[in-house]
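Colleague: How does the following fold in three dimensions:
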Amino acid sequence: MLGPAEIRALAAELAVRPTKKLGQNFVHDPNTVRRIVDLAGVGAGDVVLEVGPGLGSLTLGLLAAGASVSAVEIDPVLATRLPATVREHAPAVADRLAVYPADALRLRAADLAERPTALVANLPYNVAVPVVLHLLAELPSLERALVMVQTEVADRMAAGPGSRTYGVPSVKLAWYGRARKVAAVPRSVFWPVPNVDSALVSFSRQPVESTVDREVVFALVDAAFAQRRKTLRAALAGWAGSAERSGQVLAAAGVDPRTRGEQLTVADYVRIADAASTV
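Modeller: Residues are numbered from 1 along each chain as shown. Predicted coordinates for the structure are as follows:
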């Protein structure tokens, strides 16, 4: 594990100045790293995809638990240094680390030597939701995840229908499975200290049953929440071609046209998309 002094020394060695653009806030508290690894439930036999490993604190914790780690790092300086950091602190497990200097939003399954079974990451807050959704779509081998994100993002990811924070991220994530906010993380465990609170979100893949393509359902969800204060009949008029057809599609799906998008489950959206193909 890397403590506060080691994190700062390593950053100084590399002349790394954490940037907001890349969302770089490094975890320097070993107890927090252990907590993340424990909640992730990973061990021998798991191939963990870690996005944004940074200076390597969480990477070392995951390797110590027995997992293999595929680390995707967009910062070339950090990506180059990570293998050496692991060799210095845990030489016996260094062969279980593979580093990919890449943008996680552009990552493809073919880029990885092994199929990851779990995503465990301290995600850059400005791209957390797009990264998770992209990886779940691109890597069907991912069975579960534990990610650290901004508290407000965690609330949106784990929200259910009817709640104030329920929205597009909630529905799209529910397409792939179940998300839960499992723990709060204090600001003091990061360097530099962020100006937002953080939380851990766990995810287990439980795909929704659907005969409709994901892209079709997601386009419907986007339309429903683009005007979230309107009834679905009005909000989906553009998507359906007219308010009249929107009402007909909703009726065929068994959904009250006066309902708002924030009240529907992902299964409801699947039914609406399916009904649209026959009305």
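Colleague: Spell out the secondary structure type for the residue of the chain most remote from its centre.
Modeller: Most distant residue from the mean C-alpha position of the chain: Glu244, 37.2 Å away (CA atoms, centre = their mean). Here Glu244 is recorded as helix under DSSP: H, G, I helix; E, B strand; the rest coil.
Colleague: and the gap between it and Gly162?
Modeller: Plainly put, Glu244 is 27 Å away from Gly162 if you go by CB to CB, to the nearest Å. In this view, the C-beta of every residue, glycine as well, is placed from N, C-alpha and C.
Colleague: before we move on, what about Ser210?
Modeller: 22 Å.
Colleague: For the two, work out which one has more neighbours and name it.
Modeller: Ser210 (17 against 11; other CB atoms under 10 Å).
Colleague: so which strand or helix has the closest residue to the more buried one other than its chain neighbours?
Modeller: Of all residues not flanking Ser210 in the chain, Val270 sits nearest, at 4.6 Å (CB to CB, 6 or more residues apart in numbering). Using DSSP states H and E, Val270 maps to helix 266-276.
Colleague: Run through who's touching that helix.
Modeller: For helix 266-276, contacts defined as CB atoms under 8 Å, 6 or more residues apart in numbering pick out 171, 174-175, 208-212, 216-217, 220-221, 224, 236, 240, 249-250, 252-255, 264.
Colleague: The same query, at a cut-off of 7 Å, please.
Modeller: By CB atoms under 7 Å, 6 or more residues apart in numbering, the surrounding residues in contact with helix 266-276 are 171, 174-175, 208, 210-212, 216-217, 220-221, 240, 249-250, 252-255.
Colleague: In helices, which of those fall?
Modeller: Counted as lying in helices by DSSP state H, out of these, are 171, 174-175, 216-217, 220-221, 240, 249-250, 252.
Colleague: What subset of those residues is buried?
Modeller: 171, 174-175, 216-217, 220-221, 240, 249-250 (16 or more other CB atoms under 10 Å).
Colleague: Can you lay out those as TSV showing pLDDT and distance to Val48?
Modeller: TSV is the format used below for those (pLDDT from 0 to 100; distance: CB to CB, whole Å):
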residue	pLDDT	distance to Val48
Val171	98	27
Ala174	98	23
Trp175	98	23
Val216	97	32
Val217	98	29
Leu220	98	33
Val221	99	29
Ala240	98	43
Val249	98	42
Leu250	98	42
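Colleague: Closest one of those residues to Asn122?
Modeller: Ala174 (23.3 Å; CB to CB).
Colleague: and the closest one, what does it touch?
Modeller: Per CB under 7 Å, 6+ apart, neighbours of Ala174: Val266.
Colleague: Any stretches of the stretch 101-250 of the chain with poor pLDDT?
Modeller: Judged against pLDDT under 70, the stretch 101-250 of the chain has no low-scoring part.
Colleague: change it to 90
Modeller: 124-126, 191-196, 228 (pLDDT under 90).
Colleague: Tell me which stretches of it form strands.
Modeller: Ranges of strands within the stretch 101-250 of the chain are 118-122, 144-150, 177-185, 190-191, 198-205, based on DSSP state E, counting those that start in this stretch.
Colleague: Which strands border the second one, and is each parallel or antiparallel?
Modeller: This points to strand 144-150. strand 118-122 (parallel), strand 198-205 (antiparallel) (DSSP bridges).
Colleague: Can you name the residues in contact with that strand?
Modeller: If you take CB under 7 Å, 6+ apart as the criterion, strand 144-150 is touched by 36, 39-40, 118-123, 125, 128, 132, 185, 196, 198-205.
Colleague: Can you turn the buried part of those residues into a ChimeraX selection?
Modeller: Here is the ChimeraX command that selects the buried residues among the contacts of strand 144-150 (16+ other CB under 10 Å):
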select :36,40,118,119,120,121,122,123,125,128,132,185,198,199,200,201,202,203
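Colleague: Can you give me the end-to-end span of stretch 44-60?
Modeller: Start-to-end span of stretch 44-60 (CA to CA, to the nearest Å) is 14 Å.
Colleague: That stretch: which residues count as buried?
Modeller: Those would be 46-60, for stretch 44-60 by 16+ other CB under 10 Å.
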